[in-house]
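no sequence on hand, only this structure:
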C-alpha cells in the first residue's frame, strides 16, 4: 500500500525513546492520510471547543427559564429555538457537549483503570486467579448491551456521576478480555523471558515491559468505547435513568422534547443529531487508528 | 467436538449462578432497608414488617439466597409491588411481544445487512459500496431512540402511513422492528463486507476462478459459505443485544414488552419485577451465546477443540 519503511517492527523495546517517537509519528502520518479519520478528528475537535468554551459561546444561561418564550422555533435571538420552559436550546446543547464528552472520557478512564490491570494480571499469572477472573468476566458479559449499565444505575441511583460509574463498570469486561489476550501472547516473547532472567519483579514486568507493547488495541478500543459510553449515557438519560432535570444532557433534552414533537420538533432533532455526530466522530477516528496501528494495513 | 460442547455446557452453570447472585443482590445493595424497597413506596410500617417476614429478609443471607433460587427454579419470582400480580404472570404476558419484535428485527437486519455487505464486497469502491458503508457508519452511530422518533415524525405524523405507537396489526410492527434492527443491519453489513473481502483474497478463490467457474458461482457458492462464519457469531450476539435494546425501542413505540416493563419497574421502584426481567434477559443471553458457540464449532472445520485450553 505504501512504500514507507516499517520502523517499529525492528528493535521494539530497545532504545525506547527514539523508537517510540518515530512509531508515534508513523501512526499520526497514516491517521492523517485517512479521510474518514480526519473528518472524525475535526468533529471531535469542534465538540471539544464547544465544551471548553461553552460559557463564552453560549448566548444565554442554559438554565434560565422564560415562560413567555416557550417552544419558539429558531430565530435571530435563539438560533436553535427554545424548549418547553423557554430555555435557549443552543446554550443547552453547548453545555450538553461538556456532559457527553465528560461521560465518555471518565467512563473510559474507569473502564481502563479497572479492566486493564485486571486483564493484565489475570493473563500474566494464569492459574486459579485467571480462572476466577474469567468466570467473573463471563458473568458481567451475560448482561447484554446497555442492560449491565441499567442494573448498576438501578442500584446506585440516577444522576450524571452514577451514569459515568455505570457505563465505566459496564466496559470493564471488554478491556479485561482484550488485555488478557494481548498479555497471553506477549508473555511468550523473548523480552519477557529476558526480563525474568534479569530478576525483574512481576509487577514491573507487567506494567513496564508488557503493557506498553499492548497499548495499540487498548487505544483503539478506548476510542470506540467513548462512543459507546456516550450512546449508553444518552439512552439512560432518555429513559429517565440518567442525568436529571435541569441538567442539559442531550439524551434528557431529547426525552423532554418528545412530548412536543408535533409542534416543536427541534427539541428532539438537534440533540439526536449532536449525539449522532459525536459518536460518528469517535467511531471514524477509531477505524482510522485501528488501520494506522496495524502494520499489515499500512 | 462433543467433549467441547459438554465442557461449554458446564461452563454455563457458574455463569448462570453468578447472574442469579447479582440479581439477588440488587435489592440488598440498595441504600436503605430492602424490606421497604420490596413493600413498595407507600407501605405502612406494619406492612414493611410483614414483607420482611414474608420474603425471609429477617433470615441469614445464605438462607435468603436459597429461597430465592428455589423460587427461580419453581418459577416463583415474587409479586409486583405495583400491580400486586405474580412477576411470572407479568413477564409471561409481555415476553412473547419482545421476542416477536427482536426476531423480526433480526430477520430484517440479516437480510439487509448481509446482502448489502456482499454487494459492497464484490463491487468494491463502487458508488453502492461507498453509499452503503456511509449509511452503515451513520446507522451504528445514531441513537436508536432518536431514530425511532424521527421515523415516527416522518411516517406517522407527516405522511400518516403507519401508526406511531401501540400494537395489534402488522403495520404496528414495521417502524419498531426497522428502528431496532437498523444498528444491527449496519454492523452486519460492515462485517459481511470485510469478511467477504478477506475470503475473496484467498487461494481457493483464485483456484475456483482459474478453473473457469462463473463469477456468480465463485461468489455465492465458494466465498459466501466461508465468509458467513463470522457473521453467524455476530448474529447470535446481536439477538441478545436486540433483546436489551428493546428497552429503548419499546419505550418510544409504547410497545408493551419486557423492555418497557423493566424501565417502568425501575422508575416505580418495583424491585421484584426488576429482578425477574433482568434475570430473564441475562439468562436468555447466556443460552444464545451457548447456542452460537456450538453452531460455530459445527460450522468451522478448522477448529478442533480436543484438549485445547481456552478462557
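Happy to help now that I have it. Keep in mind it's a predicted model, so treat the numbers as computed, not measured.

how about the helices in chain B?
For chain B, the helices defined by DSSP state H cover B:2-29, B:34-39, B:45-54, B:61-74, B:87-122, B:127-141, B:144-151, B:170-200, B:203-210, B:215-217, B:224-252, B:258-267, B:271-299.

turn these into TSV, columns for mean pLDDT and distance to chain A.
Using the backbone N, CA and C atoms, a C-beta is placed for each residue, glycine as well. TSV is the format used below for the helices of chain B (pLDDT from 0 to 100; distance: least, C-beta to the nearest C-beta, whole Å):
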stretch	mean pLDDT	distance to chain A
helix B:2-29	88	3
helix B:34-39	78	11
helix B:45-54	85	19
helix B:61-74	88	15
helix B:87-122	92	11
helix B:127-141	91	4
helix B:144-151	91	3
helix B:170-200	88	9
helix B:203-210	84	18
helix B:215-217	82	25
helix B:224-252	85	4
helix B:258-267	92	5
helix B:271-299	88	5
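
make CSV out of those and add mean neighbour count.
Output for the helices of chain B, formatted as CSV (neighbours: other C-beta atoms under 10 Å in any protein chain shown):
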stretch, mean neighbour count
helix B:2-29, 15
helix B:34-39, 21
helix B:45-54, 14
helix B:61-74, 14
helix B:87-122, 20
helix B:127-141, 17
helix B:144-151, 23
helix B:170-200, 22
helix B:203-210, 13
helix B:215-217, 11
helix B:224-252, 22
helix B:258-267, 24
helix B:271-299, 20
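
residue A:94: which of the ones you listed is closest?
Minimum separation from residue A:94 across these (C-beta to C-beta) falls at helix B:144-151, 18.8 Å.

which elements pack onto that closest one?
Counting contacts by 3 or more C-beta pairs under 8 Å, 6 or more residues apart in numbering or on different chains; DSSP states H and E, helix B:144-151 is packed against helix A:215-239, helix A:250-257, helix A:266-293, helix B:170-200, helix B:224-252.

let's see 6 Å
Judged by 3 or more C-beta pairs under 6 Å, 6 or more residues apart in numbering or on different chains; DSSP states H and E, the packing partners of helix B:144-151 are helix B:170-200, helix B:224-252.

and it, how far out from the chain middle?
Mean C-alpha position of helix B:144-151 versus that of the full chain (C-alpha atoms, centre = their mean, to the nearest Å) differs by 19 Å.

what about the helices in the stretch 101-250 of chain A?
A:127-141, A:147-156, A:160-187, A:190-197, A:202-204, A:215-239, A:250-257 (DSSP state H, counting those that start in this stretch).

closest to residue A:293 out of those helices?
Among those, helix A:215-239 sits nearest to residue A:293 (C-beta to C-beta), with 4.1 Å.

contact residues of the stretch 101-250 of chain A facing chain B?
With C-beta under 6 Å from any C-beta of the partner chain as the criterion, the stretch 101-250 of chain A meets chain B at residues A:134-135, A:138-139, A:142-147, A:151, A:154-155, A:231, A:234-235, A:238-239.

circling back: so can I have a markdown table of the helices of the stretch 101-250 of chain A showing mean pLDDT, mean neighbour count and distance to residue B:54?
Output for the helices of the stretch 101-250 of chain A, formatted as a markdown table (pLDDT from 0 to 100; neighbours: other C-beta atoms under 10 Å in any protein chain shown; distance: least, C-beta to C-beta, whole Å):
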| stretch | mean pLDDT | mean neighbour count | distance to residue B:54 |
| --- | --- | --- | --- |
| helix A:127-141 | 91 | 16 | 29 |
| helix A:147-156 | 92 | 23 | 22 |
| helix A:160-187 | 93 | 22 | 31 |
| helix A:190-197 | 88 | 13 | 58 |
| helix A:202-204 | 89 | 11 | 51 |
| helix A:215-239 | 94 | 25 | 31 |
| helix A:250-257 | 91 | 26 | 36 |
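
need these in TSV with distance to residue B:288, can you?
Below are the helices of the stretch 101-250 of chain A laid out as TSV (distance: least, C-beta to C-beta, whole Å):
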stretch	distance to residue B:288
helix A:127-141	12
helix A:147-156	13
helix A:160-187	17
helix A:190-197	38
helix A:202-204	38
helix A:215-239	20
helix A:250-257	28
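
please identify which of these is closest to residue B:125.
Smallest distance to residue B:125 across those (C-beta to C-beta): 24.0 Å, for helix A:215-239.

quick one: the residue nearest the centre of chain A and residue A:220, what's the gap?
Nearest to the mean C-alpha position of chain A, counting by C-alpha atoms, centre = their mean, stands residue A:226 at 1.2 Å. Going from residue A:226 to residue A:220 by C-beta to C-beta, to the nearest Å gives 11 Å.

contacting residues around residue B:223?
Residue B:223 makes contact with B:199, B:200, B:205, according to C-beta atoms under 6 Å, 6 or more residues apart in numbering or on different chains.

if you set the cut-off to 7 Å instead, what comes out?
B:196, B:199, B:200, B:205 (C-beta atoms under 7 Å, 6 or more residues apart in numbering or on different chains).

could you do residue B:32 as well?
Per C-beta under 7 Å, 6+ apart, neighbours of residue B:32: none.

now it: phi and psi?
For residue B:32, the backbone dihedrals are phi 100, psi -170 (criterion: degrees, to the nearest 10).

where does the residue lying farthest from the centre of chain A land on pLDDT?
Residue farthest from the centre of chain A, counting by C-alpha atoms, centre = their mean, is residue A:68 at 39.3 Å. The model reports residue A:68 with a pLDDT of 83.

ditto for residue B:41
Looking at residue B:41, its pLDDT is 71.

kindly report the same for residue A:75.
What the model reports as pLDDT for residue A:75 is 82.

that one: what secondary structure?
coil (DSSP: H, G, I helix; E, B strand; the rest coil).

now do residue B:75: how many residues are near it, please.
By the criterion of other C-beta atoms under 10 Å in any protein chain shown, residue B:75 has 11 neighbours.

list the contacts for it?
Counted by C-beta under 7 Å, 6+ apart, residue B:75 has contacts residue B:88.

what's the spacing between the residue nearest to the centre of chain A and residue B:182?
With C-beta to C-beta as the criterion, residue A:226 and residue B:182 are 21 Å apart.

same question for residue B:292.
Residue B:292 sits 22 Å away from residue B:182, going by C-beta to C-beta.

check contacts around residue B:194.
Counting by C-beta under 7 Å, 6+ apart, residue B:194 touches no other residue.

cutoff 8 Å now
Going by C-beta atoms under 8 Å, 6 or more residues apart in numbering or on different chains, residue B:194 touches residue B:121.

roughly how far apart are it and residue A:290?
Using C-beta to C-beta, residue B:194 is found at 11 Å from residue A:290.

circling back to that earlier point, so the residue nearest to the centre of chain A makes contact with residue A:105?
Yes: at 6.7 Å, residue A:226 counts as touching residue A:105 under the criterion of C-beta atoms under 8 Å.

quick check: the residue nearest in space to the middle of chain B vs residue B:154, distance?
Nearest to the mean C-alpha position of chain B, by C-alpha atoms, centre = their mean, lies residue B:240 at 2.1 Å. Remark: distance between residue B:240 and residue B:154 (C-beta to C-beta) = 29 Å.

again, but for residue B:3
From residue B:3 to residue B:154 the distance is 54 Å (C-beta to C-beta).

quick one on the thing from earlier: nearest to residue B:249, of the contacts of residue B:223?
Residue B:249 has its nearest neighbour among those in residue B:196, at 29.2 Å by C-beta to C-beta.
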